[in-house]
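Asks: compute the structure for the input listed below.
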Amino acid sequence: MRPGPRVGLLPESVIESVQQLLDRPLPGLREALGESQVDAFTVSVQFDPESPAIQVPNAFVINNRLAHSSPALWVLSKGLVCFETLQALKDYVAARLTGFELVSHLSGVLAEPDRQRLLDHRTRTGTLDLKVKLQRIEEHFIETLQRGEVERQRSTVAYLYQQAVTWRVPSELFVNLLSAGERDDRNRQALGYLGVAIQFIIYKAIVPSWVSEASGTDQITLVNALQRFYVTCVGQKDFLFDIPSLYDYSCERLKSRFNTDFTEPRPDPESVRVTMAHYIPVPVAPGQTPQSIPAATQSVSETLVEYAIDRFLSRQDGVILLSSADDKPLNASLTPAYVRDLVRSLDIAAGYRSMLEPILAATAPDYLKRRKLFVDQIPSLDILRAFALRLKNELSEQAYTVIENVLDMPDAIARLPVNGCKMVFSPLQLLPAKEGWEPTLVLNTYLMGPHESQSGPWVLYAPLHDEFVFKEYPDQAALLRDIHTSTYLQAYILDRVDPHLRKVYDKGGFVEPHLPFSAESSFDVPFDTPAPVTVQIDPYNGNCLLLMFEGALDTLKLQVQQHSVTNAEQRRAASRYLFTLGAEQVMALMPGRLGALVGIIQGQALLNLSVISAGGQHWGKALSEFMAALSVMISSGQNSSAFTSRTVDETSTLPDDAALSDTLLQLEDEPNESGFSWSNSSLTQQIRDRLREFEAHEIALDTLQRDELLSVYRDPATDRKYAAIGGKTYELQSDEDGWFIIAGKKIGPSVSLDADQQWKLDIQGGLKGGGGALTRIEGSVIDDLVDDLIVINARGMSEIRHSYREMAQAIEDAYVQAQHYLENCLANLTRRLPDGKPDPRTEKILADFFAQKVPDEHVYKVTKKAVTKIYEELMSPSMSPIDSKRYVVGINRVGNESASAFIFEADPLRRVFLTEQFFRLPTYRFKLNVIRSGEFKHGPHYRATILIHELSHLVLKTDDIAYLESQAPFVDLLDDASEYRLRIRNELTYQQQKTLSYHTDRDKLFRQLDEDAWRDLRRTDGNGKQTILRIAGKKTLDEARDVFYDDVRKRIDITLKNADSVALLVTLLGRERFMTR
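Replies: Residues are numbered from 1 along each chain as shown. Have a look, this model is predicted:
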């Protein structure tokens, strides 16, 4: 093997020294090299002269015998680090082993019992002064390292054995624990981190420059837009579902006919090529006999499937020839005459149009479903497209704002102004004359711009067009100039106007319309030259998405008509148009949704990373991989200093969570930039995301009756009531408690009228019936329920690791951190002092948590039982992050955006579903000394807590009675220097200590904040209410509160039935393993 140099970091001499050790592992083989000989050393440390030295496996030092040589250290997962002197190297080793390597259970540099010995010594003495020793390797270099690793594994497993005996774990857990220890392979983990680093380098090299050069805010916006596109378009059927393409229709009809007309082996219509040869004779003088040899031959060729569609209508004077695509002989019965009769009898084009007409009719059974899919998908598709164009500087910021405003607020009545300017949406209509002529509609083409005399850019909008979708103009005059002068735009318009009016505009008619005139005689001529065409703006007052849906269907029918009469090249262009509608099954010749993605992103190289995904038409997988790449790029930009320090200081293979962190929940120094909160009644983007599932896109307010008294719009047919809130349309309903938003059977937040009689959101209590970030959902039809919540990207660790290596590593780190917390819990709960009493630190945590002055044996027993059950489930081989099939990753659907993870109690596979929020870290500001020490790893802590939360649902049957922010960092680590930071820290402290405890105010215990008042938990909030009443043995929550405050055992039992309380308690008890002081 040969080590590869890391660019710009390692001198060539170090690479050569390592190569010498690999080529000549025995010292005797290196003696012949003289002064160039390299020596290798093992590393050990000693903290007490009276104690034996502790071996540091998976580490070695190399140094040659030349004067002034620079030694180098290799440590597992850290790589090679060069030093000026041996003393500098020893100081570095001592610093690492008293810092990160000592507190980290992830590194594998030290055997676990040796790490605990060092920790114990530091706890007892308050300091840890290490003396580093180097021992020359006199035996086989590689075998010596192997023996060190084998010894580390042996001593670690022996230590686990002793711990398991001390904890008195169940027999099955005992076996699983030892098996997990045997599978502990630090080399595999190192390769995993290396894979993540390589993936990061690849992403950085191939992500389009306009993405990598965008600001962090824009990059996050792009990922969010991609995610919305993914869940609405890729994760669902498109609005042309179950409609075969014209090509597929033709192929199926031909195959069906061949089954009747031929026996085996039957011809394949896609393999039969039809060629029309047109012979051009040699010109001859009048009276001469034409020559039998033509002057030239023209030919056009296509498959039989294509010929059945267009029949070479462009040429009818040629000779038809048949051949096979693979040059094999054709069936003797397959003659040109047979083909002509076949195509004539099938009449593919007429049959397809006859099939399409009733399917797309407004009376069709699926019409409303198709319309809903269209109005849900088009905004996400084209807002993404517009934002990408803006990042590429092909659209201005102002033009993008116009597009986003119109598509995000499609109803003209509900639409809010932008910077005081009202935006309008109008079909593109041409006026060939100032009077006497009706405007000519350009099919499925629209204008967006400022209302009347207000200034601003105008956008020509061609939904679902393959060549362009948006064209920006500084004003209407510039738009008119382009219409008058651009042959490309004129050709586009001519394809989309009424065929009977085409002659008015064709052949120079945009500048001088070809208008007919009345004449008394053949000598009369028009008196004036017609003026160039103008544009008529008629702002559409309804829901523009409904108008666009009708335009899309009309354009589809027109394209099918053109498809069946034009030549093959035009047919392929039409097919590209049809794909952009978002349906890969509509035209088999185009690469489905991936084509739209490539068109938007222009990052084909990135998509080529997933050749299998694209080749198999797994467009969703390709898109999700692209989103993962962008997330890596975003986080690396946010953690650039951390990434730099990784390569210089060798602190880790990747910066902590560099591949997965996110600033969507940044906690900045200003209060108005705090994380998402339902208590903030302003319509923030996060609230918009949560409310998107409640938007009513299939109604136009201008078609409803306005109720001036209530400021709502009534549908006279259904008596449903609608209102405009924040630029969107929502359906409203009322009860004795007031008005609230609904969508079908889903209940949204409350609303009320302000002083100006405008509806506003009252969302202090969150969405009615909504859950928190961690949701347990029960059900029997598991896969259907999962599909309602997320779009699945990968199932099982093998598939996750194959496609999303950084996610797989994050899951593995979360697993190890959860194991660490649980093991520390068990160690601390079972630890006894020489006098037989529990450790006072464990006692204080339990006393504070359960409000019992001196925790009795019952507290230790039930707590240990709960921890042991979770630990047993975690250590089950089926949960191993190496090859488990129980982990599933996906992206939240609309309405479920806040969920980080969930399980189904009825799931026979006992899967844990992890969403994109599981991999996105809310950003906190830590104290400076916490950052410098590097001891606390936010990502593993955050995800481990979520994992423990979900496992408690599975094995303890816990409920979500209250959320305590258990996944937040430990409170004492957070920065509290500024007043605002201190307030953030105090709010977190309050959330964790006074949400479900003896210290919770009675008027808030077992209650949720709803509108302006606290209300009791309801059955619709989940199983929490039933659980509380069952444990308390009471019929009302008010009676249960008395029990909770008065009966400590009941309080403990109720608390341990709350998933977030269990997760928080595990992290508090498992934060560190208590040693003898």
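
Asks: secondary structure element for the residue lying closest to residue 1036 once chain neighbours are set aside?
Replies: Among residues not flanking residue 1036 along the chain, residue 1029 sits closest, at 7.7 Å (C-beta to C-beta, 6 or more residues apart in numbering). For every residue, glycine as well, the C-beta is placed using N, CA and C. Taking DSSP states H and E as the definition, residue 1029 sits inside helix 1024-1032.

Asks: could I get the buried residue list for that helix?
Replies: 1024-1025, 1027-1029, 1031-1032 (16 or more other C-beta atoms under 10 Å).

Asks: ok so, going back, the residue nearest to residue 1036 reaches residue 1035, doesn't it?
Replies: Yes - look at residue 1029 against residue 1035 with C-beta atoms under 8 Å: they come within range, at 6.7 Å.

Asks: what do those two both touch?
Replies: Counting by C-beta atoms under 8 Å, 6 or more residues apart in numbering, residue 1029 and residue 1035 have no shared contacts at all.

Asks: now do the helix holding residue 1029, average pLDDT.
Replies: For helix 1024-1032, mean pLDDT rounds to 92.

Asks: how far does that helix sit from the chain's center?
Replies: With C-alpha atoms, centre = their mean, to the nearest Å as the basis, helix 1024-1032 stands 37 Å off its chain's centre.

Asks: now what about whichever helix or strand comes after it, what contacts it?
Replies: Counting by DSSP H and E, the next helix or strand C-terminal to helix 1024-1032 is helix 1037-1046. By C-beta under 8 Å, 6+ apart, the list of residues contacting helix 1037-1046 from outside reads 998, 1002, 1005-1006, 1016-1017, 1025, 1028-1029, 1032-1034, 1050-1051, 1054.

Asks: just the buried ones among these, please.
Replies: Using 16+ other C-beta under 10 Å as the burial test, the contacts of helix 1037-1046 include 998, 1005-1006, 1016-1017, 1025, 1028-1029, 1032, 1034, 1050-1051, 1054 as buried.

Asks: for the residue nearest to residue 1036, what are its contacts?
Replies: With C-beta under 8 Å, 6+ apart, residue 1029 has these contacts: 1035-1037, 1040.

Asks: quick one: which of those residues is nearest residue 116?
Replies: residue 1040 (43.4 Å; C-beta to C-beta).

Asks: where does residue 323 land on pLDDT?
Replies: Residue 323 is assigned 88 on the pLDDT scale.

Asks: next, count neighbours for residue 233.
Replies: 25 (other C-beta atoms under 10 Å).

Asks: hang on, it packs against residue 381?
Replies: Yes - counting by C-beta under 8 Å, residue 233 does reach residue 381; the two are 5.9 Å apart.

Asks: against residue 1006, how distant is the residue nearest to residue 1036?
Replies: 10 Å (C-beta to C-beta, to the nearest Å).

Asks: one more: residue 515?
Replies: Separation of residue 515 from residue 1006 (C-beta to C-beta): 78 Å.

Asks: got it, and residue 728?
Replies: In terms of C-beta to C-beta, residue 728 sits 34 Å off from residue 1006.

Asks: kindly report the same for residue 87.
Replies: 63 Å.

Asks: repeat that for residue 480.
Replies: Going from residue 480 to residue 1006 by C-beta to C-beta gives 67 Å.

Asks: pretty sure residue 1048 is touching residue 851, no?
Replies: Yes - using C-beta under 8 Å, residue 1048 makes contact with residue 851 at a distance of 7.3 Å.

Asks: more neighbours, the two?
Replies: The neighbour comparison of residue 1048 against residue 851 (other C-beta under 10 Å) goes to residue 1048, with 18 against 15.

Asks: for that one, what are its contacts?
Replies: Contact analysis of residue 1048 by C-beta under 8 Å, 6+ apart lists 850-852.

Asks: which one of those residues is nearest to residue 932?
Replies: Nearest to residue 932 among the contacts of residue 1048, with distances taken as C-beta to C-beta, is residue 850, at 35.1 Å.

Asks: measure residue 869 to residue 120 for me?
Replies: Distance from residue 869 to residue 120, by C-beta to C-beta: 29 Å.

Asks: same question, residue 818
Replies: 24 Å.

Asks: neighbour count winner among the two?
Replies: More crowded of residue 818 and residue 120, by other C-beta under 10 Å: residue 818, with 27 against 15.

Asks: can I assume that one sits in a helix?
Replies: Yes - counting by DSSP: H, G, I helix; E, B strand; the rest coil, residue 818 is part of a helix.

Asks: nearest spatial neighbour of it, skipping sequence neighbours?
Replies: In space, and not counting its chain neighbours, residue 818 is closest to residue 944: 3.9 Å by C-beta to C-beta, 6+ apart.

Asks: where are the low-confidence patches of the stretch 901-1050 of the chain?
Replies: Counting by pLDDT under 70, the stretch 901-1050 of the chain contains low-confidence ranges at 1010-1012, 1020.

Asks: tell me where it has helices.
Replies: Under the criterion DSSP state H, counting those that start in this stretch, helices of the stretch 901-1050 of the chain are mapped to 928-933, 938-956, 979-993, 1024-1032, 1037-1046, 1048-1055.

Asks: now the element after the last one, going C-ward?
Replies: Helices and strands here follow DSSP H and E; after helix 1048-1055, the next one along the chain is helix 1059-1070.

Asks: which residues does residue 85 contact?
Replies: By C-beta under 8 Å, 6+ apart, the contact list for residue 85 reads residue 71.

Asks: who's in contact with residue 956?
Replies: Residue 956 touches 866, 869-870, 1056-1057, 1059, 1062, counting by C-beta under 8 Å, 6+ apart.

Asks: one more pass at 7 Å, please.
Replies: Going by C-beta atoms under 7 Å, 6 or more residues apart in numbering, residue 956 touches 866, 869, 1062.

Asks: may I ask which of these has the most neighbours?
Replies: residue 1062 (25 neighbours).

Asks: gap between it and residue 956?
Replies: Between residue 1062 and residue 956 the computed distance is 7 Å (C-beta to C-beta).

Asks: now residue 158
Replies: For residue 158, the distance to residue 956 - C-beta to C-beta - is 31 Å.

Asks: and residue 857, by the same measure?
Replies: Distance check for residue 857 against residue 956: by C-beta to C-beta, it reads 20 Å.

Asks: now residue 993
Replies: 22 Å.

Asks: what of residue 807?
Replies: Residue 807 sits 27 Å away from residue 956, taking C-beta to C-beta as the criterion.

Asks: show me where the stretch 251-400 of the chain has its helices.
Replies: Applying DSSP H, counting those that start in this stretch to the stretch 251-400 of the chain gives helices spanning 304-310, 336-346, 348-359, 367-391, 397-408.

Asks: of these, flag the one that's most buried.
Replies: helix 304-310 (a mean of 25; mean count of other C-beta atoms under 10 Å).

Asks: domains of this structure?
Replies: Domain assignment for the chain, taken from automatic domain parsing, gives 12-167, 246-282+293-359, 396-517+529-565, 680-762, 814-881+923-1070.

Asks: could the ones you listed go into TSV alongside distance to residue 240?
Replies: Shown next, in TSV, are these (distance: least, C-beta to C-beta, whole Å):
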stretch	distance to residue 240
domain 12-167	50
domain 246-282+293-359	9
domain 396-517+529-565	8
domain 680-762	18
domain 814-881+923-1070	38
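
Asks: ok, of those, where does mean pLDDT dip lowest?
Replies: The stretch with the lowest mean pLDDT among those is domain 680-762, at a mean of 76.

Asks: need phi/psi at residue 461.
Replies: phi -120, psi 120 (degrees, to the nearest 10).
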